[in-house]
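Trainee: Structure, please.
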Amino acid sequence: MKSREARLAVMLPARLRIAGAWSDVRIRNISSRGMLLEVADPPLPGCYVEVSRGRDRYTASVAWTEGTLCGVQVQERIEIAALTGAPSPRPKATMKRSKSAAISTGRGKGRAFPMARLVKLVLVCLGVASVGARRRKASPSA
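Mentor: Alright, predicted model coming up:
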């Protein structure tokens with residue numbers, strides 16, 4: 001039988017996204033590959049979810065549920081010291097995220113998400129300016 005990795009018992013508030021809807025959860029324990037979550041309405045096993053705590057976000061699949069508890073397995077390794085706020089004996093390594101995570105969460109190596117928001121804002125401003133110019137042109141002068 002395969003031995004389990006040691007778990008760190010914690011009680012940390014976090015957020016859980018299931019099918020686009022966010023809810024509050026508590027992280028009860030952590031290993032480098034998964035978490036035990038306490039959630040009012042746990043997702044079904046096999047569902048993909050996103051766990052967010054501060055600046056850290058993890059894509060995970062639900063392995064099991066029992067009552068208000070569920071176990072999730074993350075796609076990338078968890079930096080436990082960073083997630084818990086404990087001091088790390090070595091410099092923090094940057095967590096690699098998949099391209100799909102960068103698109104869906106607005107995080108990743110590049111600045112694609114903030115740039116997209118800036119472009120959208122500029123386009124909205126140009127549209128408002130264009131409508132205002134057409135209204136001035138169409139209105140009779142005094």
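Trainee: For Arg26, list the residues it contacts.
Mentor: Arg26 makes contacts with 11-14, 37-39, as judged by C-beta atoms under 8 Å, 6 or more residues apart in numbering. Just so you know, the C-beta spots here come from the backbone N, C-alpha and C atoms, and that holds for glycine as well.
Trainee: and which of the residues you listed is nearest to Ala21?
Mentor: Nearest to Ala21 out of these is Val39 (C-beta to C-beta; 11.9 Å).
Trainee: what sits against the closest one?
Mentor: Residues in contact with Val39 (C-beta under 8 Å, 6+ apart) are 16, 23, 25-26, 68-70.
Trainee: redo that, cut-off 10 Å
Mentor: Neighbour list for Val39: 14, 16, 18, 23-26, 49, 65, 68-70 [criterion: C-beta atoms under 10 Å, 6 or more residues apart in numbering].
Trainee: What is the least confident helix or strand in this protein?
Mentor: Least confident element among the helices and strands of the chain, by mean pLDDT, DSSP states H and E: helix 99-105 (a mean of 43).
Trainee: hang on, the earlier thing: reformat the contacts of Val39 as a markdown table; add secondary structure.
Mentor: Below are the contacts of Val39 laid out as a markdown table (DSSP: H, G, I helix; E, B strand; the rest coil):
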| residue | secondary structure |
| --- | --- |
| Ala14 | strand |
| Leu16 | strand |
| Ile18 | strand |
| Ser23 | strand |
| Asp24 | strand |
| Val25 | strand |
| Arg26 | strand |
| Val49 | strand |
| Thr65 | strand |
| Thr68 | coil |
| Leu69 | strand |
| Cys70 | strand |
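Trainee: Type out the PyMOL command that picks the buried ones from those residues.
Mentor: In PyMOL syntax, the buried subset of the contacts of Val39 is picked out as below (16 or more other C-beta atoms under 10 Å):
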select buried, resi 14+16+18+25+26+49+65+70
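Trainee: Could you give the number of residues near the residue nearest to Cys47 when sequence neighbours are not counted?
Mentor: Spatial nearest neighbour of Cys47, chain neighbours left out: Val62 (4.8 Å); criterion: C-beta to C-beta, 6 or more residues apart in numbering. By other C-beta atoms under 10 Å, 19 other residues sit near Val62.
Trainee: I'd say Asn29 and Leu36 touch.
Mentor: Yes: using C-beta atoms under 10 Å, Asn29 is in contact with Leu36, at 4.5 Å.
Trainee: Cool, thanks, talk later.
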